[in-house]
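Student: quick one: sequence plus predicted model below, questions after.
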Amino acid sequence: MGAVYAVIGVGFTLIFGIMRILNFAYGEMFMIASYLAYFGVTSFQLPLWLLIILAMAVMFLIGFGTEKALILPVRIKLADWSVPVILVTLGLQIILQNLALILGGGDFLGIPAYIMGSLHIGLFSVSYERMIIFALSLLTLVGTWLLINKTGFGLALRAVSQNRDAAVLSGINTNTVYAMSFGLSGLLVSIPGVLLMPHLYAYPTVGQVPIMKAFAVTLFGGMGNVSGAIIGGFILGIAETLASAYVSALVKDGVAFAIMILVLIFYPSGVGALLTRRKVR
Amino acid sequence: MSAPLLEIEGLCAAYGDLQVLWDVSLDVQEREIIALLGANGAGKSTLLRCITGLNAIVRGRISLGGRDLSELPPHRRVKEGLVLVPEERGIFPDLSVEENLKVGGFTVAAKADLMSAFDWVYDLFPILSDRRRQKAGSLSGGEQQMLSIAKGLVSRPKLLMVDELSLGLAPVIVLKLLELIKRVHENGVTMILVDQNVEKILSVSHRGCVFENGRIVLQGAAGELINDPRTKKAYLGR
């Protein structure tokens, strides 16, 4: 689960790092992906790999389109657009949730699993599904890392997140970068959205818990710090498992909140920031 | 005389309701080095920002090579050969020196051109070559300034504008930078230099423009301006 949380966190922190906004509609992007997955499986009997590819493509377009259609107009009009844009995403969140309610109904839609069965090794058994979730999440994280650190586009992303004016002065089109990042964020969150559908079900407010965890992971790793978010995701996963094993399964979701509170009290700028500082020295 | 590289006519600019540039007109010929002088807040940096498009213009016209720049958004002007090295240096602290240069060369299409530009820049600034894998934020002030100029040169600009070259730097380093500026100029780059350090900047420039309260109050050959008492007056008010 840690890997999945990492992916969710990365998508969220990416937008903050590049655009300095909190995308409140992020949970709803997760929700849309879940619905897409549900209908893809039940109405069209699509296999998992196809579901994921379709979800990534659709969510990328939705993210890209949202930025161009809803956020760009605000950015053009106001020099200091951070807060207004956050409000736009907040409004979008409400609209999307209600839209889902109207179109899909309030029912919890779900399927038992994409792939049944488990692997038995001696005393341990791991469900195939969990293994796939882990593997795909890991793949996503590696892919994202490569994109950010080894491509020209990734360089542009990092430049814009560090010094926006300087990036413009170097010839980078920030409008393109923003729209692409938003699309990328949607693409990233669609993967957990699809993978976790059997586990969390598809319903209008399914995105609320994931976005909380995304927030926790983001805070932990430092706002905008992608590697921090990755580490945070894994730690959250481990912490949750430990908590549900030693305390009670009911507190699992609460672990994210606990982490958030601890981080804000002790390491407000995020643990990720501490780690990078140590590296430089 | 051939057509000027940069023409500014009747430029007025404002920050919100506060007008900061009043009817500024200036021509820059190819291969010239022009110094913009004046006290803090006189409008020099604002003018540079207007030329790059980072600041909106209220009235007036800016043309580069005869082409009206208002058609071009800021990020497109780099490709036309217009580069600004801003006062805040404009480097990317968490990127390495080499990555900073890569960003500087973002608009360069051909890899070969980029590589030869890197060679040129590393030759001008050998320290950057030594530190090429280091994070830009860990460089000293003088090195960061060199990086910001180097980054601007990678795209082989026609017009290089440098805002406050000497800010916060030791005189020894400033002299070194001025030497490098002269070397860059020999490669055919036209320059606009803004600086507080009147004498040093005029020593490498052909012409100078003195700004006061958003207007050009004095223009002339560098050699004349150095001795003109009105130059000092614009800074000190007497």
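Tutor: Now that the structure is in, tell me what you want to look at. Numbering: from 1, shown residues only, chains lettered A, B, ... in the order given.
Student: contact residues of chain B facing chain A?
Tutor: Contacts of chain B with chain A, taken as Cβ under 8 Å from any Cβ of the partner chain, map to B:52, B:54, B:73-76, B:78-79, B:83-84, B:86, B:88, B:90-95, B:99, B:102-104, B:106-107, B:135, B:138, B:151, B:155. C-beta: built from backbone N, CA, C; applies to glycine.
Student: again, only this time at 7 Å
Tutor: Proximity of chain B to chain A (Cβ under 7 Å from any Cβ of the partner chain) is limited to residues B:52, B:54, B:74-75, B:78-79, B:84, B:86, B:90-95, B:99, B:102-104, B:106-107, B:135, B:138.
Student: what ranges does chain B have for its strands?
Tutor: For chain B, the strands defined by DSSP state E occupy B:6-15, B:18-28, B:33-38, B:57-64, B:67-68, B:82-85, B:159-163, B:190-194, B:207-212, B:215-221.
Student: same check, this time on chain A
Tutor: Counting by DSSP E, chain A has strands at residues A:118-121, A:124-127.
Student: now B:Leu21: how far from chain A?
Tutor: Distance of B:Leu21 to chain A, computed by Cβ to the nearest Cβ, to the nearest Å: 18 Å.
Student: read off the pLDDT value for the nearest residue to that residue once chain neighbours are set aside.
Tutor: Using Cβ to Cβ, 6 or more residues apart in numbering or on different chains and skipping the chain neighbours, the partner closest in space to B:Leu21 is B:Ala13 (4.1 Å). B:Ala13 is assigned a predicted lDDT (pLDDT) of 86.
Student: OK, contacts around B:Ala13?
Tutor: B:Ala13 sits next to B:Val20, B:Leu21, B:Thr46, B:Cys50, B:Asn55, B:Ile57, B:Val58 when contact means Cβ atoms under 7 Å, 6 or more residues apart in numbering or on different chains.
Student: of the residues you listed, which is the nearest to A:Ile95?
Tutor: The closest of these to A:Ile95 turns out to be B:Asn55 (Cβ to Cβ; 35.8 Å).
Student: ok, of the strands of chain A, where does mean pLDDT dip lowest?
Tutor: Mean pLDDT across the strands of chain A is lowest at strand A:118-121; the value there is a mean of 66.
Student: please list the residues of chain A that sit near chain B.
Tutor: Neighbours of chain B within chain A, by Cβ under 7 Å from any Cβ: A:155-156, A:158-159, A:162-163, A:165-166, A:168-173, A:280.
Student: follow-up on the earlier one: how far away is the residue nearest to B:Leu21 from A:Leu78?
Tutor: Distance of B:Ala13 to A:Leu78, given as Cβ to Cβ, to the nearest Å: 19 Å.
Student: show me the contacts for B:Val184.
Tutor: By Cβ under 7 Å, 6+ apart, the contact list for B:Val184 reads B:Leu124, B:Leu153.
Student: and if we set it to 8 Å?
Tutor: B:Leu124, B:Ile149, B:Leu153, B:Leu160, B:Met191 (Cβ atoms under 8 Å, 6 or more residues apart in numbering or on different chains).
Student: next one: B:Lys158
Tutor: Counting by Cβ under 8 Å, 6+ apart, B:Lys158 makes contact with B:Leu5, B:Glu30, B:Leu64, B:Gly65, B:Glu80, B:Gly81, B:Leu82, B:Val189, B:Thr190.
Student: now do 10 Å
Tutor: B:Lys158 is in contact with B:5-6, B:30-31, B:64-65, B:80-83, B:188-190, counting by Cβ atoms under 10 Å, 6 or more residues apart in numbering or on different chains.
Student: just the buried residues out of these, in ChimeraX syntax.
Tutor: Command for ChimeraX that selects the buried part of these, burial taken from 16 or more other Cβ atoms under 10 Å in any protein chain shown:
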select /B:5,6,30,64,65,80,81,82,83,189,190
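Student: where does pLDDT dip in the chain?
Tutor: Here I'm looking at chain A. For chain A, the stretches with pLDDT under 70 are A:1, A:112-123, A:244-253, A:267-281.
Student: that's the other chain; I wanted chain B
Tutor: Residues of chain B that meet the cut-off, pLDDT under 70, sit at B:1-2, B:234-238.
Student: where do the helices sit along chain B?
Tutor: Secondary structure of chain B (DSSP state H): helices at B:44-52, B:74-77, B:97-104, B:111-124, B:126-130, B:141-153, B:171-186, B:198-204, B:222-227, B:229-236.
Student: out of these, deepest packed?
Tutor: Across the helices of chain B, averaging neighbours per residue (mean count of other Cβ atoms under 10 Å in any protein chain shown) puts helix B:97-104 on top, at a mean of 25.
Student: helices or strands up against that one?
Tutor: Using 3 or more Cβ pairs under 10 Å, 6 or more residues apart in numbering or on different chains; DSSP states H and E as the contact test, the elements touching helix B:97-104 are helix A:152-162, helix A:164-169, helix B:111-124, helix B:126-130, helix B:141-153.
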